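1. test case, fold it:
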Amino acid sequence: MDPQAGAQQELPLVLVYGEAMTQMPVDLYIPPDALEVFLEAFEGPLDLLLYLIRKQNVDILDIPVAEITRQYMGYVELMKTVRLELAAEYLVMAAMLAEIKSRMLLPRSVEIEEEEADPRAELIRRLQEYERFKAAAEGIDGLSRVGREVLVPRLDAPQAKVRKLLPEVSLEELLVSMAEVLRRGDLFESHQVSREALSTRERMSDVLERLKGGGFVPFVELFTAEEGKLGVVVTFMAILELVKESLIELVQNEPFAPIHVRARAE
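-> The predicted structure is shown next:
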């Protein structure tokens, strides 16, 4: 005798309180309902009937009602035996199968058979409809799902800052504004004999000093009407030179709106 085989037979079956047991106890009692295994789960009586029909590999249009009824009632009795909650729809289907079975077993003449429809017709129609919906549900379940097979990446977009585009100031609008300033200057024209010499470069420095705060200043406020036409022209030439040298910018909030002047940032 192989010593390894003898050693293998002496392996303990179980450890009870640390003590190895190599033989099954004689007085061991296992209740009959200690372990129950169910391999099939059905969603309703139609699902159970469809399973029984497919299991026997028969045509759904030619259901063997007697055999299907026997197997169906066996499943219902099993559910009662294991004390599972039996839905009322299972009992309704059992009554329907019993009625169909009785109608098919009763002898009928040829004339009655031609007038009456097949007792299984309604059941077959419901089974076919259920089978279509079940196949559609299985097909949908087989599709890729977002969050299960398909993951949608998410990336926070950068914070967008809205930048309002200001309309450009055309030369025509600038000349119109200049004409308005000249008209206002006529009201304060001086008739003094002596004239002050005005410098464009000095007036450019004065304009930049007025715009030193960085804010918008109305175009017309850069002119001093008391200086007359000469002062208005010198200020206008100074503004044009500053625009040419990109030291200031002219903006409007909307077309035909008042013109504002702002010093450009360094």
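2. for the helix or strand harbouring residue 122, packing partners?
-> Per DSSP states H and E, residue 122 falls inside helix 121-141. Applying 3 or more CB pairs under 8 Å, 6 or more residues apart in numbering; DSSP states H and E, one finds that helix 121-141 contacts helix 45-56, helix 88-105. C-beta here means a position set from N, CA and C on the backbone, and glycine is covered the same way.
3. buried residues, the very next helix or strand once past it. List them.
-> Using DSSP H and E, the helix or strand that follows helix 121-141 in sequence is helix 171-186. Along helix 171-186, these residues count as buried under the neighbour rule (16 or more other CB atoms under 10 Å): 173-174, 177-178, 181-182, 185.
4. and residue 262, what does it touch?
-> 211, 214-217, 248-249, 251 (CB atoms under 8 Å, 6 or more residues apart in numbering).
5. buried subset of the residues you listed?
-> Buried members of the contacts of residue 262, counted by 16+ other CB under 10 Å: 211, 217, 248-249.
6. which of the contacts of residue 262 lies closest to residue 23?
-> Within the contacts of residue 262, the smallest distance to residue 23 is 99.7 Å, found for residue 214 (CB to CB).
7. one step back: so which of the helices and strands packed on helix 121-141 comes closest to residue 64?
-> helix 45-56 (7.5 Å).
8. sorry, back to before: out of the helices and strands packed on helix 121-141, nearest to residue 229?
-> Judging the helices and strands packed on helix 121-141 by CB to CB, what sits closest to residue 229 is helix 45-56, at 100.4 Å.
9. how distant is the closest one from the center of its chain?
-> 38 Å (CA atoms, centre = their mean, to the nearest Å).
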